[in-house]
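**Student:** This is the structure alone, sequence omitted:
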C-alpha cells in the first residue's frame, strides 16, 4: 500500500508546468500551495501546475506572499478557484484579493499568526 504524503509546497518561476502532475503521481497532497511574487502573466503557469491535482482535494489553500496581481488577475484566479471546493487564499493585506473578492472563497490576511498556526501540531 502506497502512503499519501501531506504538507506544504512552494513554487518559484521557472518550475515546469508539469510539476503538478509529478506531485500527483508521487501521491503527495500538499495542504498549502505557495506561489510567491505572483503576477498576472503567471496565472496560466499556476493553473497548469494545480489543475491535475486540485480537483481531488477536499481542502487546499493558496498562499500568495507579495502577490502583484492586478484586480483583473485577482478576479480571474478567484473565478477559476470557485470550481475547487473548500479553498482559501492567504495574501498580503494590500492584495487585490482583499478588495475584489465577490465569491464564496475565503481570503485571509497572511500574517505571522497564520504561519504559527500552521506549524502547531494538528494543523
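**Tutor:** On my side now, so go ahead. Note that the coordinates shown come from a computational prediction; the quantities given were computed from them, not determined experimentally. Numbers count the residues shown, from 1 in each chain.
**Student:** what about residue 101, distance to residue 64?
**Tutor:** Distance of residue 101 to residue 64, computed by Cβ to Cβ, to the nearest Å: 13 Å. Where you see a C-beta, it was placed from the backbone N, CA and C, and this is true even at glycine.
**Student:** who's more crowded, those two?
**Tutor:** Using other Cβ atoms under 10 Å, the more surrounded residue of residue 101 and residue 64 is residue 64, with 25 against 17.
**Student:** Got the phi and psi for that one?
**Tutor:** Recorded main-chain torsions at residue 64 are phi -120, psi 70, according to degrees, to the nearest 10.
**Student:** again with residue 31
**Tutor:** According to degrees, to the nearest 10, residue 31 has phi -80, psi -40.
**Student:** now do residue 95
**Tutor:** phi -60, psi 150.
**Student:** residues near it, how many?
**Tutor:** Residue 95, neighbours per other Cβ under 10 Å, totals 23.
**Student:** Straight-line length of stretch 88-99, end to end?
**Tutor:** 15 Å (Cα to Cα, to the nearest Å).
**Student:** End to end on stretch 16-34, go ahead and measure it.
**Tutor:** So stretch 16-34: terminal residues 15 Å apart, Cα to Cα.
**Student:** tell me the mean pLDDT for that stretch?
**Tutor:** Stretch 16-34 carries an average pLDDT of 83.
**Student:** Next, the buried residues of that stretch.
**Tutor:** For stretch 16-34, a neighbour-count test (16 or more other Cβ atoms under 10 Å) marks 19, 20, 23, 29, 30, 32, 33, 34 as buried.
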